[in-house]
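Chemist: Sequence and computational prediction follow.
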Amino acid sequence: MSERKVRVRFAPSPTGPLHMGGVRTALFNYLFAKKYNGDFILRIEDTDQTRYVPGAEEYIIESLQWCKLQFDEGVSEGGKYGPYRQSERKAIYKQYADQLIASDNAYFAFDTPQELDDLRAKYEAEKKTFTYDSSIRKSLKNSLAFSKDETEKRLASGEHYVIRFKMPENSVIIMQDIIRGEVKVTSSTVDDKVLFKSDGMPTYHLANIVDDHLMEISHVIRGEEWLPSLPLHVSLYRAFGWENTMPQFAHLPLLLKPTGNGKLSKRDGDKLGFPVFPIYWPYGETARGYREDGYFNDAFINMLALLGWNPGTEQEIFTLEEMIKLFSLERVNKSGARFDPEKAKWFNNQYLQKKTNEELADLYLPYLQGKGINAGKMMVAEVVALVKERVNFVHELWEQSFFFFQAPESYDENVVKKKWKEETPEILKNILKFLSGISFENRNEMEEELKKYLETNQIGFGQVMNALRLTIVGSGMGPDLLTIMSMIGRDETIKRVEKGLETIKLHQV
């Protein structure tokens, strides 16, 4: 690393919900900054007001707070390089656009949107693609084609214009990317991008470069989709004379669909049943989030970190502190990272198993209370201990443990057909008499008493236990039955067996 202080920014546009790919970009910026004791900055890039979505900025901030990615500077935190919202920096950009005009690195273009659409249509009819570039710019309506007087006359009359960057002609732009190495592009393949509009707003490209320069950004770590913009951005730094302080670039690989074919989208999540956003998006076309689906934030972040980054070991579970220590942009892959929704569940399972029974009880109790069940924390912790290995999410505990809190309302027909024999009712009636006379305080003592009873009466253990489980649980599932019976107590056990005997008939419910 150079002597320059590490300063990185996450710069989303408030145009909708934050994709999990965006969260990964924020995460990699955060890990890099913290590894080198640098600054992690949030900048909201809202220059395109036509695409602004109310609530999106707040959503971005809440999402990153849930992920525990704390900013050192930003729209909420402030800082000496602010404002951190581009729409509040509007007055800054015009002077830089003018500077490029003065140095002959940009020009005024007066072509109307309709004229450009007509040109595109004409080219399309000839099976060609229209590009506003060095090959045709002098034949279009701009200050390169007009005299100085003509240009000034048009500007003075208030005619609408844009300022376009004047890409160098016939040169090779050589760029360095930390992840991808050397990148070469011929300048003639890059069009003259719009930098500034006559409404006083810059485009993303100008604002991005100016802000990164003024905020002393040392490294730009962003998604692969910005790689085609790199030649323009590098050319802008050179045109401004800022090449010596230009940030280093790193373009992260795409997040791919579970099939590995194409970029991961909300449609994939809708189709296959998983979220692609960190938290619930409540506006317009709503969308589910990892938080609301029951994922732990640290499991979500751990999963995201390993989509494209290889720590170089077999280890998969990392604390945020461990990730900071190990993270390196050189170990980020060039190729896209395939998202596996089942692996995401596995990560959540790993974090769930790491939690104590008491921690899980605290998370499960509100869920039980929502169902009108008031259970003590100690009892709930005991239940959690018995079933947690069967679940990936806290909300799945209910399906595996409801019978500790309420009697079954129905009985699994398949289990009835297989396990409920003609002699079963008689055996259970006799077992009821036996159960009413023993203590339920100690599970192991219950087992000893039951074994003696079954041996004395020459009854098979399976004959009794399968039928008992059906009446107590409602199916063939669940942890050790005697533990269940001991925990719900004698009275509840007997009541459930009696109800089962009344309800279940041979081979049907």
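Modeler: Right, received. Where do you want to start? What you are looking at is a predicted structure, and each value in this text was computed from that prediction instead of being measured. Residues are numbered from 1 along each chain as shown.
Chemist: you'd agree K343 is up against A299?
Modeler: No. Contact criterion C-beta atoms under 8 Å: K343 and A299 do not qualify, at 10.9 Å. C-beta here means a position set from N, CA and C on the backbone, and glycine is covered the same way.
Chemist: For these two, indicate the residue with more neighbours.
Modeler: Shown here are K343 and A299; by other C-beta atoms under 10 Å, A299 has more neighbours (22 against 14).
Chemist: So which elements touch the strand or helix carrying that one?
Modeler: Here A299 sits within helix 297-305, counting by DSSP states H and E. When contacts are defined as 3 or more C-beta pairs under 8 Å, 6 or more residues apart in numbering; DSSP states H and E, helix 297-305 sits against helix 20-35, helix 320-326, helix 341-354.
Chemist: Of those helices, flag the one that's most buried.
Modeler: Neighbour counts (mean count of other C-beta atoms under 10 Å) averaged over each of the helices and strands packed on helix 297-305 peak at helix 20-35, with a mean of 24.
Chemist: And for the helix or strand just after that one, what's in contact with it?
Modeler: As assigned by DSSP H and E, the chain's next helix or strand after helix 20-35 is strand 39-42. Strand 39-42 is contacted from outside by 5-11, 29-30, 33-34, 60-61, 64, 69-77, 79, 81, 84, 215, 217, using C-beta atoms under 8 Å, 6 or more residues apart in numbering.
Chemist: buried set for stretch 120-135?
Modeler: 130-134 (16 or more other C-beta atoms under 10 Å).
Chemist: And for stretch 103-123?
Modeler: By 16+ other C-beta under 10 Å, the buried positions in stretch 103-123 come out as 105-111.
Chemist: can you give me the helices for the stretch 201-350 of the chain?
Modeler: Taking DSSP state H, counting those that start in this stretch as the test, the helices found in the stretch 201-350 of the chain are 204-214, 230-240, 266-272, 297-305, 320-326, 341-354.
Chemist: Quick check: which of those helices is nearest to A91?
Modeler: Ranking the helices of the stretch 201-350 of the chain by their distance to A91 (criterion: C-beta to C-beta) puts helix 204-214 first, at 11.8 Å.
Chemist: returning to that earlier point: could you provide the helices and strands packed on helix 297-305 in TSV, with additional columns for distance to S143 and mean pLDDT?
Modeler: Below are the helices and strands packed on helix 297-305 laid out as TSV (distance: least, C-beta to C-beta, whole Å; pLDDT from 0 to 100):
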stretch	distance to S143	mean pLDDT
helix 20-35	37	98
helix 320-326	50	97
helix 341-354	53	98
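Chemist: how about those in JSON lines, adding distance to R288?
Modeler: Shown next, in JSON lines, are the helices and strands packed on helix 297-305 (distance: least, C-beta to C-beta, whole Å):
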{"stretch": "helix 20-35", "distance to R288": "12"}
{"stretch": "helix 320-326", "distance to R288": "24"}
{"stretch": "helix 341-354", "distance to R288": "12"}
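Chemist: quick one: secondary structure of S135?
Modeler: At S135 the chain is in coil, as set by DSSP: H, G, I helix; E, B strand; the rest coil.
Chemist: which residues sit in contact with the closest residue to it other than its chain neighbours?
Modeler: In this structure, S135 finds its nearest non-sequential neighbour in S188, 7.1 Å apart by C-beta to C-beta, 6 or more residues apart in numbering. Contact analysis of S188 by C-beta under 8 Å, 6+ apart lists 133-135, 167, 169-170.
Chemist: one step back: please export the alpha-carbon coordinates of the helix holding A299; PDB is fine.
Modeler: What follows is helix 297-305 as a C-alpha-only set of coordinates in PDB (Å, rounded to 0.1, in the frame of the first residue of the first chain):
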ATOM      1  CA  ASN A 297     -27.400 -10.000   9.500                       C
ATOM      2  CA  ASP A 298     -23.900 -11.600  10.200                       C
ATOM      3  CA  ALA A 299     -24.900 -14.800   8.300                       C
ATOM      4  CA  PHE A 300     -26.000 -12.600   5.300                       C
ATOM      5  CA  ILE A 301     -22.800 -10.600   5.300                       C
ATOM      6  CA  ASN A 302     -20.600 -13.800   5.700                       C
ATOM      7  CA  MET A 303     -22.500 -15.400   2.700                       C
ATOM      8  CA  LEU A 304     -22.000 -12.200   0.600                       C
ATOM      9  CA  ALA A 305     -18.300 -11.900   1.300                       C
END
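Chemist: Show me the contact partners of it.
Modeler: 20, 23-24, 27-28, 31, 66-69, 278, 290-291, 316-320, 323, 327, 343-344, 347-348, 350-352.
Chemist: ok, which stretches of the stretch 251-400 of the chain are strands?
Modeler: Secondary structure of the stretch 251-400 of the chain (DSSP state E, counting those that start in this stretch): strands located at 255-256, 337-338.
Chemist: would a markdown table of these with mean pLDDT and mean neighbour count be doable?
Modeler: Converted to a markdown table, the strands of the stretch 251-400 of the chain look like this (pLDDT from 0 to 100; neighbours: other C-beta atoms under 10 Å):
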| stretch | mean pLDDT | mean neighbour count |
| --- | --- | --- |
| strand 255-256 | 96 | 22 |
| strand 337-338 | 96 | 19 |
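Chemist: In JSON lines: those, plus distance to G372.
Modeler: Converted to JSON lines, those look like this (distance: least, C-beta to C-beta, whole Å):
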{"stretch": "strand 255-256", "distance to G372": "41"}
{"stretch": "strand 337-338", "distance to G372": "43"}
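Chemist: circling back to that earlier point, what angle sits between the helix holding A299 and helix 20-35?
Modeler: Using axes from the mean of the first three to the mean of the last three C-alpha atoms, to 10 degrees, the direction of helix 297-305 lies 100 degrees away from that of helix 20-35.
Chemist: Distance from the chain centre to helix 297-305, please.
Modeler: Here helix 297-305 is found 8 Å from its chain centre; the criterion is C-alpha atoms, centre = their mean, to the nearest Å.
Chemist: which of the residues in that helix are buried?
Modeler: Judged by neighbour count (16+ other C-beta under 10 Å), helix 297-305 contains these buried residues: 297-305.
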